[in-house]
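Q: pasting the sequence and the predicted model now:
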Amino acid sequence: MVLASSLSRVIYGIHNLADKPFEYLSRNTSCGVWNNIGRIKKSLLEHGIDIQDIFRLVIKYENESLFWYDSCLGSGSLKVKYPSLFELESRKRCNVADRNYGWNWKSRPADLGLDPVVSTLSSDVSGIQLSMGSDYWSCRLNADGMYSVCSLRKIVDSMYGNVPDTSDMVWSNVIPIKVSCFIWRAVQDRIPTALALEKRGIMELTCNE
């Protein structure tokens, strides 16, 4: 736990994550392992998987979640849902607890005819009940709320049809790694055989031709 906490502080410092929305994973100008992890969000989105649909933000009393920027209600940020009220907010980087006790507008919403919008927003956030503890993310893929690579892999596999199961494949240290990789690719039909090329619409070329 101490190591994880120290690593978290290092990442927060390098990528300047303090007071940033939870969806902000890394500094774009940085490089390294954590930046590669941050790019996973974009890669999943290209395959039709939105990471915000997978994770749910559970807000607690000792929260650091940003009221307008983070997905407090599990359906996108309030900044996007209520842009007119976001413009009236005097402290845009306030956390959820700050707005649990009242609003802080730069001008009166009633003067702009926004009272109905404020009522809708108040109704939306009324369901947020702050209990003791710190904010955390819960994974919607598993009943216990814990994330696992296996659960996400199942979603990806289901999008591309039946994928051969190689989870039971035994990787032996005696067999050269190139041979093991070749067998692994063969099980998944990833070897450029004549049949595989034909399935991909590639004409077979032979010496006789």
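A: Here it is on my side, so go on. Residues are numbered from 1 along each chain as shown.
Q: domain-wise, how is the chain divided?
A: 1-38, 164-209 (automatic domain parsing).
Q: which of these has the lowest mean pLDDT?
A: Here the lowest mean pLDDT among these goes to domain 1-38, at a mean of 57.
Q: the residue nearest in space to the middle of the chain and residue 134, how far apart?
A: The centre of the chain sits closest to residue 51, judged by Cα atoms, centre = their mean, with a distance of 3.1 Å. Counting by Cβ to Cβ, to the nearest Å, the separation of residue 51 from residue 134 is 21 Å. Backbone N, C-alpha and C define where each C-beta goes, glycine included.
Q: now swap in residue 175 and tell me
A: Using Cβ to Cβ, we find residue 175 at a distance of 47 Å from residue 134.
Q: and for residue 194?
A: Separation of residue 194 from residue 134 (Cβ to Cβ) stands at 58 Å.
Q: show me where the protein has its strands.
A: In the chain, the strands defined using DSSP state E lie at 55-58, 136-139.
Q: the last one - contacts with which helices or strands?
A: It stands for strand 136-139. Secondary-structure packing of strand 136-139 (3 or more Cβ pairs under 8 Å, 6 or more residues apart in numbering; DSSP states H and E): strand 55-58.
Q: in its sheet, what does the strand it packs on sit against?
A: Counting by DSSP bridges, the strands paired with strand 55-58 are strand 136-139 (antiparallel).
Q: and the contacts of the partner strand?
A: With contact meaning Cβ atoms under 8 Å, 6 or more residues apart in numbering, strand 136-139 is reached by 22, 54, 55, 56, 57, 58, 60, 145, 146, 147, 148, 151.
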